[in-house]
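J.: Structural data only, the sequence is not supplied:
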């Protein structure tokens, strides 16, 4: 909970909302004597990024340009000139491909990306990753990124229902199933750790099931092991400053009075109905003190701080072209999430995380998917101009991690800055899953954007991931869809439901948990099993 000015009446409400009082289960186990220095990650941890809004990831990972009629490259680039805004950029499709995408040939001579999928359909296929997603390119070349094609997180084109399906890990969910647990909450319960929300309000992804693993009820919610970390640097209860003027400072007077009041009540013989509130107050206060004692001597790493605030006197204002210290460009909230994630890791012996979640929105690009601002005409590399979907992609994936030592003046997106700030031991125990609730259609619309679709690209990123390509990258049966009438809506065919992908990730975090977290992957489940493009496609996803 942030250390804000609170009345006694507001205390319980705010504590509940902040997550410290979502349930009492998490706090007793983490309030104990711990060292003052950061401890290496004790558990394997999943960090889940929800790209809410339906990202067009065919803008990030594209087929090679081709002028050969009937080829996928020709169909794609002929039908995407507006979403790539080629008219304003002055580029031809071939120039756009050559100048802005990093080419990779699956299984080629210089292939280092890891697994070539079992179907063999991708062998020899050349694709491109947007060049400014440098961290993603580096991680893929190192074999640490699984690109999962034709995946589906939500079968409905409505944002709310598809988001619920994705977060609950259940494509059978309906809007009447709001009281189901999330797959992150189920995984945390299976792993015996906490479910950490890094945002100001936890999503259904974090909601835990009722009961103990593995025999919990996934269709009911119990948030006893959910903690919201909106700002780790201000967690705890507001306390008074003994050096301030205790007569005139109203906040300090309130804090001093509340602290004394609850301490006195604990000495009284009061009704049992009030004991839980008193117990919570004491635990939240002790917990906040432990967190603050740990973090007060641990500065936020410079690369992470530069994502959201002033560093060395440089104001990172995304709207100020003179703000040369800027690294994350569009949404500073991502930088705050990276700080929270870092802080959870360095206090992991206190927080006991197994699952963490955060989000990044702005992907509902029905129009203006790639605006080309006039400022780029005089300065093509200017990073401070809004570029639609590319601003978001750069915020998340920009950077270079492979350089050693890491260049402190290099531009970093969120994941690059975090990865460069962690120890090798901590990186080895982390896995990222990245997905949106649905994808976009395969051709652009009349507003230089793309409309809601179905199948999409999803990511699993980890040093313990068998990187490579999963599923047919560019389905050949999509080619005739480009010629459908304009009133029809051609989609990427969804061929793999999230159950198979994330069940394997769950098994890595908590061995044996996959079928509990995703019951439809159990061999005994026969009612409506999830679809998978190639049987056994994810058997070796995590190593």
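T.: It's in. Computed from a prediction, not measured in an experiment: that's the story for all the values here.

J.: Contact partners for residue 216?
T.: 181, 186, 189, 208-210, 516 (Cβ atoms under 8 Å, 6 or more residues apart in numbering). Any C-beta I mention is one placed from the backbone N, CA and C, and that applies to glycine too.

J.: what does residue 203 give?
T.: Neighbours of residue 203 in contact, by Cβ under 8 Å, 6+ apart: 50, 167, 182, 197, 357, 359.

J.: And the contacts of residue 216, which is closest to residue 341?
T.: Of all the contacts of residue 216, residue 208 has the smallest distance to residue 341: 19.8 Å, by Cβ to Cβ.

J.: Setting the sequence-adjacent residues aside, check what's closest to the closest one.
T.: residue 185 (3.7 Å; Cβ to Cβ, 6 or more residues apart in numbering).

J.: I'd guessed the one you found sits against residue 202; true?
T.: No: using Cβ atoms under 8 Å, residue 185 is not in contact with residue 202, being 9.1 Å away.

J.: rewinding a little: mark which of the contacts of residue 203 are part of strands, please.
T.: Among the contacts of residue 203, DSSP state E puts 50, 197, 357, 359 in strands.

J.: Throw these into JSON lines and include neighbour count and distance to residue 398, thanks.
T.: Below are the ones in strands among the contacts of residue 203 laid out as JSON lines (neighbours: other Cβ atoms under 10 Å; distance: Cβ to Cβ, whole Å):
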{"residue": "50", "neighbour count": "22", "distance to residue 398": "19"}
{"residue": "197", "neighbour count": "26", "distance to residue 398": "25"}
{"residue": "357", "neighbour count": "25", "distance to residue 398": "22"}
{"residue": "359", "neighbour count": "20", "distance to residue 398": "18"}
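
J.: picking up where we left off before, what is in contact with residue 185 and residue 202 at once?
T.: 223, 226.

J.: Neighbour count: the two, which is higher?
T.: residue 185 (31 against 26; other Cβ atoms under 10 Å).

J.: doesn't the more buried one fall inside a strand?
T.: No: under DSSP: H, G, I helix; E, B strand; the rest coil, residue 185 sits outside any strand and is assigned helix.

J.: Next, residue 127: secondary structure please.
T.: Going by three-state DSSP: residue 127 is strand.

J.: list the contacts for it?
T.: Residues near residue 127 by Cβ under 8 Å, 6+ apart: 61-64, 103-104, 106, 473-474.

J.: Please, a PyMOL command that selects the buried ones among those?
T.: Selection of the buried residues among these in PyMOL, burial being defined by 16 or more other Cβ atoms under 10 Å:
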select buried, resi 61+62+63+64+104+106+473+474
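
J.: Just the ones in strands from the contacts of residue 127, please.
T.: The members of the contacts of residue 127 that map onto strands under DSSP E are 61-63, 103-104.

J.: Out of those residues, the closest to residue 344 would be?
T.: residue 61 (29.7 Å).

J.: For that closest one, list each beta-bridge partner.
T.: Here residue 61 sits in beta bridges with residue 129, as judged by DSSP bridges.

J.: Please look at it and residue 125 and confirm they touch.
T.: No: in terms of Cβ under 8 Å, residue 61 does not count as a neighbour of residue 125; the distance is 11.5 Å.

J.: farthest-separated two in the contacts of residue 216?
T.: 210 and 516 (13.4 Å).

J.: neighbour-wise, which of these two wins?
T.: Between residue 210 and residue 516, counted using other Cβ under 10 Å, the more crowded position is residue 516 (22 against 15).

J.: SS state for the more buried one?
T.: helix.

J.: Who are the contact partners of it?
T.: Residue 516 is in contact with 186, 190, 213-214, 216, counting by Cβ under 8 Å, 6+ apart.

J.: Output the residues you listed in JSON lines; the columns should cover pLDDT.
T.: JSON lines is the format used below for those (pLDDT from 0 to 100):
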{"residue": "186", "pLDDT": "98"}
{"residue": "190", "pLDDT": "98"}
{"residue": "213", "pLDDT": "94"}
{"residue": "214", "pLDDT": "91"}
{"residue": "216", "pLDDT": "96"}
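
J.: what's the most distant pair in those?
T.: Every pair of the contacts of residue 516 checked by Cβ to Cβ; the farthest is 186 and 214, at 9.7 Å.

J.: Between the two, which is the more surrounded one?
T.: residue 186 (30 against 14).

J.: That one touches residue 218, doesn't it?
T.: Yes: if you go by Cβ under 8 Å, residue 186 and residue 218 touch, sitting 5.9 Å apart.

J.: Export the contacts of residue 216 to JSON lines and append columns for distance to residue 143.
T.: Output for the contacts of residue 216, formatted as JSON lines (distance: Cβ to Cβ, whole Å):
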{"residue": "181", "distance to residue 143": "33"}
{"residue": "186", "distance to residue 143": "29"}
{"residue": "189", "distance to residue 143": "31"}
{"residue": "208", "distance to residue 143": "33"}
{"residue": "209", "distance to residue 143": "34"}
{"residue": "210", "distance to residue 143": "40"}
{"residue": "516", "distance to residue 143": "29"}
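
J.: Can you pull the residues that touch both of residue 186 and residue 214?
T.: Common neighbours of residue 186 and residue 214 are listed as 513, 516 (criterion: Cβ under 8 Å, 6+ apart).
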